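Participant: Predicted model, plus sequence, below.
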Amino acid sequence: MKKILMVGTGGTIASEMTAEGLAPELNTEQLLEFIPDIGKFCRVDCLQLYNLDSTNIRPAHWLGVARAVRENYARYDGFVISHGTDTMAYTAAALSYLVQGSPKPIVLTGSQKPMGNPFTDAKLNLYQSLLYALDEHSHDVSIVFGGVAIAGTRARKQRTMSFNAFISVNYPPIAYIRNDRIVRNGLHGTHQNESPVRFYDSIDPRVFVLKLTPGVNPGILDALANSYDAVILETFGIGGIPEFGESGETFQEAIFRWVDSGRTVVMTTQVPEEGLDLGVYEVGRAYADHPGILRGDDMTTETLVAKTMWALGQSRDAAEIQRLFYSQVNHDRIPMA
């Protein structure tokens, strides 16, 4: 019988009503009591790392979860992590970089309603996550939610209340789960990588996401310089960057000054689907070939945050950061032409 380690971090799935509102109260053992039939298929051990609303999850917690997986990796056939939905996509992306090439599945799940709610989605999500973790074809980091398995680098919370809260962005879902049947996408088979799983234990949390809006002042980059090592710039459309801010200074001057100071700029788009291509319009082409500017292509902002933190945590050399950033990990990017 396979052994699964369930790692608890809190979230709505573990919440109960308190005088101040919903808050995480249940531990992993209590959650498992709601799906007793899972004991017929596997042995589940429990590890309660945190009991937090996922709004309060920080990069240090990502490292804690990755450390727990690493310390228990040899003892279990798979891992299920219960987590709040609000930052689950960030944690799934971060774990994709902190635990790379895993032949064992690392599955994140949660719910839109607490486990004790009579109309909850928590029971089915947890049950199907454990079934997915038991399947011989499952590997690497993924989110299982609402009957869909999504690569950990491709998930985004799209809906605040509906049970199909997560979507797979710019990449097909790994599988669909119908009751207890897993229907896989033909692109995903059994883990083929013969290299051993790779663990990482350092990241640089000094990464900021800046969303361009009409009239934003390019001087904001100077204001961020003392607190951040990298900026992820959410541009307009397919990669449009205004020529001038309200102050009259050009964005090109501000961005190049940031890069020339040894900091990192990642360009992406604030449009949810289809990705970035800086070479299409004049307002983006000036940045397309600059060696210090990284292109997010079709990656999600959540994944860009995690990957940039991971890359900067491994090296301060610009060429090495670029190599790490453009490496493909857990289906995270399809390079644009």
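Facilitator: Perfect, thanks for sending it.

Participant: Which neighbouring elements make contact with the strand or helix carrying residue 141?
Facilitator: For residue 141, the enclosing helix or strand under DSSP states H and E is strand 140-145. Packing contacts for strand 140-145, counted by 3 or more Cβ pairs under 8 Å, 6 or more residues apart in numbering; DSSP states H and E, involve helix 88-98, strand 105-109, helix 122-134, strand 148-151. C-beta here means a position set from N, CA and C on the backbone, and glycine is covered the same way.

Participant: quick one, which of the ones you listed is nearest to residue 213?
Facilitator: Taking Cβ to Cβ, helix 88-98 is the member of the helices and strands packed on strand 140-145 nearest to residue 213, at 22.4 Å.

Participant: Just the C-alphas of the closest one, formatted as PDB.
Facilitator: Extracted C-alpha coordinates of helix 88-98, given in PDB (Å, rounded to 0.1, in the frame of the first residue of the first chain):
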ATOM      1  CA  MET A  88      -1.900  28.700  -4.000                       C
ATOM      2  CA  ALA A  89      -0.700  29.400  -7.500                       C
ATOM      3  CA  TYR A  90       2.400  31.300  -6.100                       C
ATOM      4  CA  THR A  91       3.200  28.400  -3.800                       C
ATOM      5  CA  ALA A  92       2.700  25.800  -6.600                       C
ATOM      6  CA  ALA A  93       5.100  27.800  -8.900                       C
ATOM      7  CA  ALA A  94       7.600  28.200  -6.100                       C
ATOM      8  CA  LEU A  95       7.700  24.500  -5.300                       C
ATOM      9  CA  SER A  96       8.100  23.800  -9.000                       C
ATOM     10  CA  TYR A  97      11.500  25.500  -8.800                       C
ATOM     11  CA  LEU A  98      12.500  24.400  -5.300                       C
END
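
Participant: can you give me the offset of that helix from its chain's centre?
Facilitator: Centroid displacement of helix 88-98 relative to its chain, using Cα atoms, centre = their mean, to the nearest Å, is 4 Å.

Participant: Between strand 140-145 and it, find me the angle.
Facilitator: Interaxial angle, helix 88-98 versus strand 140-145 (axes from the mean of the first three to the mean of the last three Cα atoms, to 10 degrees): 170 degrees.

Participant: and helix 88-98 with strand 105-109, angle?
Facilitator: Using the same axes, to 10 degrees, helix 88-98 lies at 160 degrees relative to strand 105-109.

Participant: With distance to residue 62 added, can I get the helices and strands packed on strand 140-145 in JSON lines?
Facilitator: Below are those laid out as JSON lines (distance: least, Cβ to Cβ, whole Å):
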{"stretch": "helix 88-98", "distance to residue 62": "4"}
{"stretch": "strand 105-109", "distance to residue 62": "11"}
{"stretch": "helix 122-134", "distance to residue 62": "19"}
{"stretch": "strand 148-151", "distance to residue 62": "17"}
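
Participant: can you tell me which of the ones you listed comes nearest to residue 228?
Facilitator: Of all the helices and strands packed on strand 140-145, helix 88-98 sits nearest to residue 228, with 16.7 Å by Cβ to Cβ.

Participant: counting contacts, what elements does the closest one pack onto?
Facilitator: Looks like helix 88-98 contacts helix 59-72, strand 105-109, strand 140-145, strand 155-157, helix 301-314 (3+ Cβ pairs under 8 Å, 6+ apart).
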